[in-house]
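Chemist: Test case, fold it:
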Amino acid sequence: MAFLSKTTEKLSNLDESCFKVPQQSLLVSQQPSTHPPRILMLYGSLRERSYSKLLTLEAARLLEAMGAEVKVFDPLHLPQPDAAPDSHPKVKELRDLAAWSEGMVWSSPERHGAMTGIMKSQIDWIPLSVGAVRPTQGKTLALMQVSGGSQSFNAVNQMRILGRWMRMLTIPNQSSVAKAFLEFEEDGRMKSSAYYDRVVDVMEELLKFTLLTRDIASHLVDRYSERKEPA
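Modeler: Numbers count the residues shown, from 1 in each chain. All right, here's what the predicted structure looks like:
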């Protein structure tokens, strides 16, 4: 393209062979997927009555009602990172689910002003790359947290940083449920409230972003620096 050649003449540090001009046509899938969006859900507590788990299960019901295929990972018996080989059954299960998914939901309690170690261990076990496959790159992510006290956003803010690091497309909306012990019935179902309505909003937004991006994710996260590296 004459325009490209004229422009790159002024960019002496640019490797023109690896440079690509973003194009509208590449942001529209020519063969849109027809299978249900595949969503993996992680929660960050092992308590018998875990509110992050109850919140996750409530969100899973909503996602299934919206047409998604949902799988919830149980972190019980997942070893600490580096305390077991990658072949450990729970590690393999988690990594297989990460590879299977097109989007994720992370739900953690806030403990000492942060996400729990259980939540972080699950994220740490998911590698940035396995050979040529990147289990999280370009996949959508929704974030939720529960608190025992007043509303806080420390855990979701931390997880948002991790989502960026994992090269995920973290949606703008998020959920933070304060005094979670008041927000669930004895049977584990979430009560009707503004908190519940926000969970509906977040899951709806996650599905929209997943449907919008899943077929073009590789193009969205394609980077000049990484194209240049093997070249």
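Chemist: Can you say which helix or strand has the residue lying closest to residue 45 once chain neighbours are set aside in it?
Modeler: Using CB to CB, 6 or more residues apart in numbering and skipping the chain neighbours, the partner closest in space to residue 45 is residue 52 (4.8 Å). All C-beta atoms are positioned from the backbone trio N, CA, C, and that covers glycine. Take DSSP states H and E as the rule and residue 52 turns out to sit in helix 51-65.
Chemist: go on, residue 80?
Modeler: If you go by DSSP H and E, residue 80 is not part of any helix or strand.
Chemist: Thought residue 72 was touching residue 93, still the case?
Modeler: No. With contacts counted by CB atoms under 8 Å, residue 93 stays clear of residue 72, the gap being 11.7 Å.
Chemist: so what sits against both of those two?
Modeler: When CB atoms under 8 Å, 6 or more residues apart in numbering defines a contact, no residue borders residue 93 and residue 72 alike.
Chemist: By residue count, what's the longest helix in the chain?
Modeler: helix 194-213 (DSSP state H).
Chemist: now the next helix-or-strand element following it: mean pLDDT?
Modeler: Using DSSP H and E, the helix or strand that follows helix 194-213 in sequence is helix 217-220. What helix 217-220 shows for mean pLDDT is 87.
Chemist: same check, this time on stretch 60-70
Modeler: Averaging pLDDT along stretch 60-70 yields 98.
Chemist: Quick check: beta-bridge partners of the most centrally placed residue in the chain?
Modeler: Residue closest to the average C-alpha location in the chain (CA atoms, centre = their mean): residue 141, at 2.7 Å. Residue 141 has these beta-bridge partners by DSSP bridges: residue 104, residue 170.
Chemist: where do the helices sit along the chain?
Modeler: Counting by DSSP H, the helices of the chain are 2-8, 51-65, 89-100, 117-125, 154-165, 194-213, 217-220, 224-228.
Chemist: The last one packs against which elements?
Modeler: With contacts defined as 3 or more CB pairs under 8 Å, 6 or more residues apart in numbering; DSSP states H and E, there are no secondary structure elements packing on helix 224-228.
Chemist: can you list contacts of that helix?
Modeler: The contact list for helix 224-228, computed with CB under 8 Å, 6+ apart, reads 15, 18, 19, 20.
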